[in-house]
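Undergrad: predicted model and sequence below, questions to follow.
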Amino acid sequence: MTVERRALGRAALLAVPGLALAVVGLFHPRYLVIGTAERWTMLHVAGLFVFPLVGVALVMLMSGRDDVVGWLVRVTAFVYAAAYSALDVISGIGAGYVTWRLGENVIRPDEVRYLFVIGGRLGEVGSWALIACTVVVAADAIRQRGPVAVPGVLLVPGAVLVHSDHIFAPNGVLGMTFIGLATGWLGWVGLSPARHQEPTTHRRSRGSRAGRG
């Protein structure tokens, strides 16, 4: 398999989590009521297996990196994955399932509101960690790759939109779309053939040294 085909496959793989959550967001109810509780619950069950993969994809961009930047990305991605999964479980699956099971004509107890309170606080931690992670990734990509990495900066507004609007349409969907596309782009840039080619001047100087020897 050529380097270019590997890069394309990796880019597609890294884009999937964000884009999948963008699609889920199109069907995500804006409010949790008895009429939306079943769909709310099922979508968050599915999301439980996808939300952490957004962090995994960002960490994969740091493959082979053992410097401060690499570890900053790993730590912030882990905090995002753990805290945002807690939001998904508590405010998504927990609150949704309780509301669903209560059925119609039953007043939702305050305990469900308490679930949203603690879930929301954990989600805030997770979404701030995601913003921090994307800032580090985007800045490092520009530093390492220059102008070709500029589309990767979409990671940051994407994370900000998710912070402000979860994956609700339209803003949250747009945010996850930005994250998916930008992560995929940086995956492509990171494995593009140019990365594996020595600069022309370096090859020439090395060749001239060999000729003199």
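TA: Arrived safely, thanks for sending.

Undergrad: ok, the residue nearest the centre of the chain to Leu155 distance?
TA: Central residue of the chain (Cα atoms, centre = their mean): Val54, 3.0 Å from the mean position. Counting by Cβ to Cβ, to the nearest Å, the separation of Val54 from Leu155 is 10 Å. Bear in mind the C-beta positions are built from the backbone N, C-alpha and C, glycine included.

Undergrad: any common contacting residues for those two?
TA: Ile179, Thr183 (Cβ atoms under 8 Å, 6 or more residues apart in numbering).

Undergrad: just the strands in the protein please.
TA: In the chain, no strands are defined using DSSP state E.

Undergrad: any low-confidence regions in it?
TA: For the chain, the stretches with pLDDT under 70 are 1, 191-213.

Undergrad: what's the longest helix along the chain packed up against?
TA: In the chain, with assignment by DSSP state H, the single longest helix is helix 110-145. Judged by 3 or more Cβ pairs under 8 Å, 6 or more residues apart in numbering; DSSP states H and E, helix 110-145 is in contact with helix 51-60, helix 68-87, helix 95-102, helix 155-165, helix 171-190.

Undergrad: most tightly packed of those?
TA: Mean neighbour count, computed with mean count of other Cβ atoms under 10 Å, is highest for helix 171-190 among the helices and strands packed on helix 110-145, reaching a mean of 24.

Undergrad: elements contacting it?
TA: helix 3-26, helix 51-60, helix 110-145, helix 155-165.

Undergrad: please redo it, this time with the cut-off set to 7 Å
TA: Under the contact criterion of 3 or more Cβ pairs under 7 Å, 6 or more residues apart in numbering; DSSP states H and E, helix 171-190 touches helix 3-26, helix 51-60, helix 155-165.

Undergrad: centre of the chain to the shortest one, how far?
TA: Taking Cα atoms, centre = their mean, to the nearest Å, one finds the center of helix 51-60 at 6 Å from the center of the full chain.

Undergrad: can I get it as PDB, trimmed to CA atoms?
TA: Output of helix 51-60 as PDB, limited to C-alpha atoms (Å, rounded to 0.1, in the frame of the first residue of the first chain):
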ATOM      1  CA  PHE A  51     -17.800  10.300  22.200                       C
ATOM      2  CA  PRO A  52     -14.500   8.900  23.600                       C
ATOM      3  CA  LEU A  53     -13.300   8.100  20.000                       C
ATOM      4  CA  VAL A  54     -13.100  11.900  19.300                       C
ATOM      5  CA  GLY A  55     -10.400  12.000  21.900                       C
ATOM      6  CA  VAL A  56      -8.800   8.800  20.600                       C
ATOM      7  CA  ALA A  57      -8.600  10.300  17.100                       C
ATOM      8  CA  LEU A  58      -6.900  13.500  18.500                       C
ATOM      9  CA  VAL A  59      -4.400  11.300  20.400                       C
ATOM     10  CA  MET A  60      -3.700   9.300  17.200                       C
END
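
Undergrad: neighbouring contacts of it?
TA: Residues from elsewhere that reach helix 51-60 (Cβ atoms under 7 Å, 6 or more residues apart in numbering): 14, 17-18, 21, 73-74, 77-78, 80-81, 84-85, 88, 133, 137, 179, 183.

Undergrad: kindly format the C-alpha coordinates of stretch 114-128 as CSV.
TA: This file holds the C-alpha atoms of stretch 114-128, laid out as CSV (Å, rounded to 0.1, in the frame of the first residue of the first chain):
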residue,chain,number,x,y,z
TYR,A,114,-30.3,16.7,39.9
LEU,A,115,-29.0,14.3,37.3
PHE,A,116,-28.8,17.1,34.8
VAL,A,117,-27.0,19.3,37.3
ILE,A,118,-24.2,16.9,38.0
GLY,A,119,-24.0,15.6,34.4
GLY,A,120,-23.8,19.2,33.2
ARG,A,121,-21.0,20.0,35.5
LEU,A,122,-19.0,17.0,34.4
GLY,A,123,-19.8,17.8,30.8
GLU,A,124,-18.4,21.3,31.3
VAL,A,125,-15.1,19.9,32.5
GLY,A,126,-15.0,17.6,29.4
SER,A,127,-15.8,20.2,26.9
TRP,A,128,-13.2,22.6,28.3
